[in-house]
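Participant: predicted model follows, preceded by the sequence.
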There are 2 protein chains.
Amino acid sequence: MKGFRFSAVEAAIKKPGRLDLALIFSDLPAYVAAVYTTNKVQAAPVIISRARSHNGSCRALLVNSGNANACTGEQGMADALECGRNTAEALGLSDEELLIASTGVIGQPLPMERFRKGIQPLVDGLDQGTLDHVAQAIMTTDTFPKIERRKGEAGGKSYSIWGIAKGAGMIQPNMATMLSFLVTDAAVDKAFLRRAFTEAVDGSFNAITVDGDTSTNDTALIFANGAAGNPRIEGGTPEGNAFLALLHDVLLSLAKLIVKDGEGATKFVEVRVKGAADNADAKKGALAIANSLLVKTAFFGQDANWGRIICALGYSGARVEQERVQISFDDVVMATGGVFAGGDAEAAGTRVLQQKEFTVSVDLKIGSGEAAVYTSDLSYDYVKINADYRT
Amino acid sequence: MKGFRFSAVEAAIKKPGRLDLALIFSDLPAYVAAVYTTNKVQAAPVIISRARSHNGSCRALLVNSGNANACTGEQGMADALECGRNTAEALGLSDEELLIASTGVIGQPLPMERFRKGIQPLVDGLDQGTLDHVAQAIMTTDTFPKIERRKGEAGGKSYSIWGIAKGAGMIQPNMATMLSFLVTDAAVDKAFLRRAFTEAVDGSFNAITVDGDTSTNDTALIFANGAAGNPRIEGGTPEGNAFLALLHDVLLSLAKLIVKDGEGATKFVEVRVKGAADNADAKKGALAIANSLLVKTAFFGQDANWGRIICALGYSGARVEQERVQISFDDVVMATGGVFAGGDAEAAGTRVLQQKEFTVSVDLKIGSGEAAVYTSDLSYDYVKINADYRT
């Protein structure tokens, strides 16, 4: 990857023994596109970064795990601004060129002494670090670092898109937050970068759900610094479409890794709804299925319980005509015309659910709307992890 | 209770060894008010009863557990109509005077032979049965029958309101359904009965949530036959207000019993939100808290985790200004001005959560809207019961 450097150090923000403070730095001015949490309760770093990324250009990102700096009031805002100022100074940037992200416990003040000590080593480490180190430093209850790399080509020049991620929605409760950071050395039109990123996030991170909670710190962003030297990629061109497809592939792959690493997850489930009145209806139906506790516990129990699925569709808010609904597990039709399909569907459907990965397909047979979401099951361990987390 | 008779028999609809078919019969013509599920997927008995109760007068209710007769298509509708016809004939009623309710497994045909055999003994038993028998017969995974009785007075005549209930939302998944049936011998104005029942249901059954699912069979209804001989109770009078208060008390007591008997529940939690922009906003906030898996697992873990509560408020859709939010557990203020209250709040809050019952109070400090909802925690046993149910 041309023109980006990375660094991560152990600042012992929550506890010692791991990387927890990291930096992504672009050697060149870079365009940035970002998507932040829709939660009305927002952490200080989200408020700051949203404002700074608004004009579409930035140079660096400072990120920590171990403390979300959320619900910390004026002190939290002052602390975040100070961390940012110290880091920007050490990098020779203006404050406004640096973005900030935090993940970890809500409602506790940042341990500023440890933060202050970490910044110079962090900046000094920019020539030794890799994106893998950053991926490790942002982990909270994640069991593995999540990183994806792709290569593309535009105008005879090859470019890269790399991305990392952690957590899923509020799947990591106190250690709140889904974070994802991408870098590309492609030269991309500024407005197209924003449109493409928003569209790709919508089909990836916004299509996964583990527990339906939305954190105070969710942040996804991409830096594009043009170091690859390709002719600027514009929307509506073959190069633009190829860039969008690659971007979507990176984001969707990261999103799937997040679901697979969901707390206590034993199943990875794709929920596809088609034949809906429109795409929005299809997504409503798919999300209701994917978020239903009864559906998720049935997945965990490997119970081919299509009744819970049609029930979730019924209260999803989507237009549903029960006598048309078809439900399949992989290629086994469980229900058709809204009633049990009969035959050996029960046994065959149970075999599908015994797999670690499977697809639930719904055809509402009303219109041409469709959507896919990705989710996990709900296991004993989800309850255990979330009930015991702070003890 | 004057002018009502009850009966319950063992029809072995799902399995033998328990009462599972029951009848409530009014000796006199009775007014009826009813509230049905808002799920678009509706069981045959719901479709039938909704139409029959529409004109506001009925005489009897036939109810079974063990089979929901939901997602059973045209055959399910024909079966429900036949059961109703046979029962109405045996009672000397027209079809339209009889309501039907079912709870149990979704998507399986009614065992009609067993149903047909049960009806005559059911009708013959009307002089021996009690409402307690009916309360037992409608149980599915409930661990105890739920029954409440109150006495009122109007114009010098005393009257009674009795009610029974089972299940909570989709807390009993395949054995879907919240059912509640009330009888009163009070003479009540027909339109007022409807208004009062809808209002009382809104403040009781519509204020409880166990897992956020809404079943295909939810039904709550009241018969009022006037056998007490009181002057007709009208809305907007002292007698009307007293009747409404009594009705609300019966329904709220039943609703609380349902939550206490929630699958795997170890805690009973009242969530109160005040200071909201309006009552609807308050209810949105309270429901988001009560339905958050992260909040519910924290209750189970006795973790005084106010960060998960403010986070749920933030995505609830209610208007929230984080720097105003106050959160208390019973009388312990955990957060004020959107930040941790400090002092010994952590230890004191933990002691509150160690109780079996407690209240979470939120003050949004924006307006005068308020709402209360009732919920349980999310335990290992919830997952176990719902994962293992059909095995």
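Facilitator: Nice, I can see it. Residues are numbered from 1 along each chain as shown, chains lettered A, B, ... in the order given.

Participant: which residues does residue A:299 contact?
Facilitator: Going by Cβ atoms under 8 Å, 6 or more residues apart in numbering or on different chains, residue A:299 touches A:267, A:269, A:353, A:376, A:377, A:378. Every residue, glycine included, has its C-beta placed from N, CA and C.

Participant: which of the residues you listed fall in strands?
Facilitator: Mapping the contacts of residue A:299 onto strands (DSSP state E) picks out A:269, A:376.

Participant: kindly indicate the member of the contacts of residue A:299 with the most neighbours.
Facilitator: Highest neighbour count within these, by other Cβ atoms under 10 Å in any protein chain shown: residue A:378, with 33 neighbours.

Participant: ok, that one touching residue B:378?
Facilitator: No: here residue A:378 does not reach residue B:378: they are 9.2 Å apart, not a contact under Cβ atoms under 8 Å.

Participant: residues contacting residue A:138?
Facilitator: By Cβ under 8 Å, 6+ apart, the contact list for residue A:138 reads A:22, A:63, A:65, A:103, A:164, A:166, A:179, A:181.

Participant: just the element for the nearest residue to the fifth one once chain neighbours are set aside, please.
Facilitator: Same thing as residue A:164. Taking Cβ to Cβ, 6 or more residues apart in numbering or on different chains, and ignoring the residues beside it in sequence, residue A:164 has residue A:135 as its nearest neighbour in space, at 4.0 Å. Take DSSP states H and E as the rule and residue A:135 turns out to sit in helix A:131-137.

Participant: packing partners for that helix?
Facilitator: Counting contacts by 3 or more Cβ pairs under 8 Å, 6 or more residues apart in numbering or on different chains; DSSP states H and E, helix A:131-137 packs against strand A:4-9, strand A:21-36, strand A:57-64, strand A:146-154, strand A:157-166.

Participant: now mean neighbour count and mean pLDDT too, for these, in a markdown table please.
Facilitator: Below are these laid out as a markdown table (neighbours: other Cβ atoms under 10 Å in any protein chain shown; pLDDT from 0 to 100):
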| stretch | mean neighbour count | mean pLDDT |
| --- | --- | --- |
| strand A:4-9 | 23 | 98 |
| strand A:21-36 | 22 | 96 |
| strand A:57-64 | 23 | 97 |
| strand A:146-154 | 18 | 97 |
| strand A:157-166 | 22 | 97 |
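
Participant: ok, the residue sitting nearest the centre point of chain A - contacts?
Facilitator: Residue closest to the average C-alpha location in chain A (Cα atoms, centre = their mean): residue A:205, at 4.4 Å. Residue A:205 makes contact with A:35, A:178, A:180, A:220, A:251, A:254, A:255 under the criterion Cβ under 8 Å, 6+ apart.

Participant: out of the residues you listed, list just those in helices.
Facilitator: If you go by DSSP state H, the contacts of residue A:205 have A:251, A:254, A:255 in helices.

Participant: tell me how chain A divides into domains.
Facilitator: Chain A resolves into domains spanning A:4-260, A:268-388 when parsed by automatic domain parsing.

Participant: mind putting those domains in a markdown table, distance to residue B:124 included?
Facilitator: Output for those, formatted as a markdown table (distance: least, Cβ to Cβ, whole Å):
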| stretch | distance to residue B:124 |
| --- | --- |
| domain A:4-260 | 50 |
| domain A:268-388 | 34 |
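
Participant: ok so, going back, so which of the contacts of residue A:205 comes closest to chain B?
Facilitator: Of all these, chain B sits closest to residue A:178, with 13.0 Å by Cβ to the nearest Cβ.

Participant: how about the residues of the stretch 1-150 of chain A by chain B?
Facilitator: By Cβ under 8 Å from any Cβ of the partner chain, the part of the stretch 1-150 of chain A that sits against chain B consists of A:38-42, A:70-73, A:76, A:105-108.

Participant: the same query, at a cut-off of 7 Å, please.
Facilitator: Residues of the stretch 1-150 of chain A lying close to chain B (Cβ under 7 Å from any Cβ of the partner chain) are A:38, A:39, A:40, A:41, A:71, A:72, A:73, A:106, A:107.

Participant: between which two of those is the distance greatest?
Facilitator: With Cβ to Cβ as the measure, no two of these lie farther apart than A:38 and A:73, at 21.3 Å.

Participant: so between those two, which is more surrounded?
Facilitator: Taking other Cβ under 10 Å, residue A:38 and residue A:73 do not tie; residue A:73 has more neighbours (16 against 12).

Participant: tell me the mean pLDDT for the strand or helix carrying residue A:361?
Facilitator: Assigned by DSSP H and E, residue A:361 belongs to strand A:357-363. For strand A:357-363, the mean pLDDT works out to 97.

Participant: can you check stretch A:260-277 too?
Facilitator: Stretch A:260-277 carries an average pLDDT of 90.

Participant: which of the residues in it are buried?
Facilitator: A:260-277 (16 or more other Cβ atoms under 10 Å in any protein chain shown).

Participant: next one: that stretch to chain centre, how far?
Facilitator: Remark: stretch A:260-277 is offset 15 Å from the chain centroid, using Cα atoms, centre = their mean, to the nearest Å.

Participant: CA atoms only for the strand holding residue A:361, dumped as CSV, please.
Facilitator: Coordinates of each C-alpha in strand A:357-363 appear next as CSV, following Å, rounded to 0.1, in the frame of the first residue of the first chain:
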residue,chain,number,x,y,z
GLU,A,357,-23.6,-21.9,7.9
PHE,A,358,-26.9,-21.8,6.0
THR,A,359,-29.3,-19.5,4.3
VAL,A,360,-32.9,-18.8,5.2
SER,A,361,-34.8,-17.7,2.1
VAL,A,362,-38.2,-16.1,2.1
ASP,A,363,-40.3,-15.3,-1.0
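
Participant: coming back round to it: out of the ones in helices among the contacts of residue A:205, who has the most neighbours?
Facilitator: Counting neighbours by other Cβ under 10 Å, the top entry in the ones in helices among the contacts of residue A:205 is residue A:251, with 28 neighbours.

Participant: can you name the residues that contact that one?
Facilitator: Applying Cβ atoms under 7 Å, 6 or more residues apart in numbering or on different chains to residue A:251 gives the contacts A:163, A:200, A:201, A:204, A:205.
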